[in-house]
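Engineer: Kindly return the folded structure for what I paste below:
(chains A and B)
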Amino acid sequence: KNEVEQSPQNLTAQEGEFITINCSYSVGISALHWLQQHPGGGIVSLFMLSSGKKKHGRLIATINIQEKHSSLHITASHPRDSAVYICAVLRRGNQFYFGTGTSLTVIP
Amino acid sequence: EPEVTQTPSHQVTQMGQEVILRCVPISNHLYFYWYRQILGQKVEFLVSFYNNEISEKSEIFDDQFSVERPDGSNFTLKIRSTKLEDSAMYFCASSGTSGRAVDEQYFGPGTRLTVT
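Structural biologist: Numbers count the residues shown, from 1 in each chain, chains lettered A, B, ... in the order given. Next up is the predicted model:
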């Protein structure tokens, strides 16, 4: 059983569309990371959050601790947003659990 | 901008050989991590390291693996007797200027390990 579930697994969107990627987890956590993995394999941390909402440019991340759920939103999507988006949770005790990722393709 | 670096970018080794993967974390960071990603699969946590000792490790991180910070700048992952299933991309990451684990992590570009 995966401690972290993401949906959808694959997502294709037209340029300009609003995108939502969801992450649900089943364990107690101290923080949640959203990561972006580019086709070449490199990983970039987008957000780290433990409550509420964070915004960076066209990206917004929210977390609901009570419901054990987080969402990543991309507004005005662009082909350069095409990547795999990964949710990872930090358990108390410093152990990380990763989701399987959501593969996003934005078509011009 | 400071970044995490890893060497080599690609390592090919024969089954049973020892390999050392090297990482140079961001200089003022306090927490260091190793992850692996088998081709086509999700990223998996291996180990975290703080204050010169392992703070957490996963069940993957068995006696075959060890980590070291030999000189205050490098952070190494040693795999003692490689197996075919160790073939993966290995990522190093660092975080934490404040002593808290829950800080944003910065990832290195990865080392692709191929065991033949």
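Engineer: Listing request: residues of the chain with sub-threshold pLDDT.
Structural biologist: This is for chain A. Across chain A, the ranges flagged by pLDDT under 70 are A:1, A:93-94.
Engineer: You answered for a different chain; I wanted chain B.
Structural biologist: Within chain B, the ranges that satisfy pLDDT under 70 run B:97-102.
Engineer: Just give me the residue right at the centre of it.
Structural biologist: Ranked by distance to the mean C-alpha position of chain B (Cα atoms, centre = their mean), the top residue is B:Trp34 at 2.9 Å.
Engineer: Quick check: that one vs chain A, distance?
Structural biologist: Here B:Trp34 is placed at a distance of 11 Å from chain A (Cβ to the nearest Cβ, to the nearest Å). Every C-beta, even on glycine, is put in place using the N, C-alpha and C of the backbone.
Engineer: can you tell me which helix or strand the nearest residue to that residue once chain neighbours are set aside belongs to?
Structural biologist: Distance criterion Cβ to Cβ, 6 or more residues apart in numbering or on different chains; nearest residue to B:Trp34, sequence neighbours excluded, is B:Leu46 at 4.3 Å. Per DSSP states H and E: B:Leu46 is located in strand B:43-50.
Engineer: before we move on, what about B:Arg22?
Structural biologist: strand B:19-24.
Engineer: helices or strands next to that strand in the packing?
Structural biologist: strand B:5-7, strand B:10-13, strand B:31-37, strand B:75-79, strand B:88-95, strand B:111-115 (3 or more Cβ pairs under 8 Å, 6 or more residues apart in numbering or on different chains; DSSP states H and E).
Engineer: how long is stretch B:42-60 from one end to the other?
Structural biologist: Distance between the two ends of stretch B:42-60: 14 Å, counting by Cα to Cα, to the nearest Å.
Engineer: Actually, stretch A:96-108.
Structural biologist: This stretch, stretch A:96-108, spans 35 Å end to end (Cα to Cα).
Engineer: can you tell me if it touches chain B.
Structural biologist: Yes: for stretch A:96-108, a contact with chain B is found by Cβ under 8 Å from any Cβ of the partner chain, at A:96-101.
Engineer: Chain A contacts on chain B?
Structural biologist: Within chain B, the residues that sit near chain A (Cβ under 8 Å from any Cβ) are B:33, B:35, B:37, B:41-45, B:48, B:50, B:55-56, B:58, B:89, B:91, B:93, B:101-107, B:109-110, B:112.
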